[in-house]
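Novice: below is the structure, and that's it, no one-letter string:
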C-alpha cells in the first residue's frame with residue numbers, strides 16, 4: 001500500500017526552519033555545495049554494531065546538510081518501507097552513495113543508501129530510500145512515525161559509487177547484493193540503464209557502457225526488493241543488462257513469472273565465473289560482512305584483482 005506516491009513532490013518552505021537533533025551540533029543547513037570533492041573511492045569496511053557516523057567516519061561526505069521533505073511512502077515488503085523525498089535543488093549524489101539522515105527530535109543519525117537513480121533526481125527533484133525495520137531509532141522512526149510531510153535533513157556521503165565520464169573506458173559491471181544491500185546496487189543498475197538510454201537517444205553514443213549483471217540474494221522472493229523493476233530494466237536492454245535472483249529460505253513455490261530468474265541457494269562460484277573477466281570486470285558488492293568476505297575470496301580466486309572489487313558492508 002502506498003501513501004502519497006502520486007502527483008508531483010515539492011520541498012515546502014517549512015523545512016527551512018527545521019530543528020535538528022543535538023548530534024548535528026556545529027553543522028548548519030545550507031543550500032549550496034561547498035565544491036567538488038577530490039577524494040577518490042575507497043573500499044569501505046565496517047562493523048555492524050557501530051553507530052553509522054562512527055562506522056563511516058573515514059568515508060568522504062559533503063560538508064553541509066540539505067533540508068528535505070517526505071512526499072511519499074510505500075510498503076516495499078513486510079519489513080521494508082520506501083520513502084520518496086523531495087530535496088533542495090542543489091542536492092546531488094552519485095549512484096551507490098548514501099545519506100546521513102537527520103530526524104528532528106531523534107538524536108541518532110541514520111545511514112541509508114539511495115535506491116533511486118541520479119536521473120530521477122534530475123527529472124523530478126526527488127530521491128528514494130528503502131529502509132528495513134529495526135529498533136535503531138532512525139529506522140524505527142521511518143516505520144512508526146514518518147508521514148507524508150515529515151521534515152528531515154540529509155548529507156550525502158560514501159566512496160561506493162559508479163559515476164563514469166564519457167571519456168572513461170568501457171567496463172562490465174558485476175553487481176552482487178545480499179538483503180537490503182540491494183539499495184545502492186539498484187541505484188547503480190538504474191543509472192547504467194539511464195546511460196544506455198542516453199546512448200540510444202544520441203547518435204554519438206556518448207558513454208562507453210559495457211554489460212551489467214546483478215546477482216541478488218535474499219531469504220525469499222518477498223524480500224527481493226524491486227524485483228519487478230529490475231526485470232523490467234533488464235528487458236529494456238537484454239544485450240546489456242541481466243539478473244539472477246537467489247533465495248536461501250524459500251518454502252513456498254516461486255511465482256511463475258519469477259521462476260526464470262530465481263535460483264534456490266546461495267550465489268555460487270560457478271555463477272560468478274560466468275561473469276568475471278579479469279581484464280574488463282568491475283565488481284560492486286553490498287551486503288552482510290560474511291557474504292562480502294566469501295564473495296570477495298571467490299572473485300580473487302577467479303583472477304579478479306582486489307582493486308576491481310568495491311564493497312560496502314552493512
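Specialist: The structure has been received and is ready for your questions. It should be emphasised that the depicted structure is a prediction, and the values quoted were computed from it without experimental measurement. Numbers count the residues shown, from 1 in each chain.

Novice: for residue 61, name its beta-bridge partners.
Specialist: Beta-bridge partners for residue 61, by DSSP bridges, are residue 157.

Novice: ok now stretch 156-172, how far from the chain's centre?
Specialist: In terms of CA atoms, centre = their mean, to the nearest Å, the centre of stretch 156-172 is found 14 Å from the chain centre.

Novice: and the strands in this protein?
Specialist: Listed from the start of the chain, the chain has strands (DSSP state E) covering 2-3, 66-75, 80-87, 98-102, 110-113, 126-132, 151-157, 172-178, 212-218, 241-247, 262-264, 281-287, 309-313.

Novice: summarise which helices and strands the third one is packed against.
Specialist: Which is strand 80-87. Here strand 80-87 touches strand 66-75, strand 126-132, helix 137-144, strand 151-157, going by 3 or more CB pairs under 8 Å, 6 or more residues apart in numbering; DSSP states H and E. (C-beta placed from N, C-alpha, C; glycine too.)

Novice: contacting residues around that strand?
Specialist: 4-5, 9-11, 66, 68-76, 115, 121, 125-133, 142-143, 146, 152, 154, 180, 223, 225 (CB atoms under 8 Å, 6 or more residues apart in numbering).

Novice: where does pLDDT dip in the stretch 151-300 of the chain?
Specialist: Flagging of the stretch 151-300 of the chain using pLDDT under 70 yields the residue ranges 203-205.

Novice: for stretch 169-180, the distance to its chain's centre please.
Specialist: Here stretch 169-180 is found 12 Å from its chain centre; the criterion is CA atoms, centre = their mean.

Novice: next, the buried residues of it.
Specialist: Within stretch 169-180, the residues that qualify as buried are 171-180, counting by 16 or more other CB atoms under 10 Å.

Novice: same check on stretch 281-299?
Specialist: 281-288, 291-292, 295-296, 298-299.

Novice: and those, which is closest to residue 61?
Specialist: Closest approach to residue 61 among the buried residues of stretch 281-299 (CB to CB): residue 286, at 17.6 Å.
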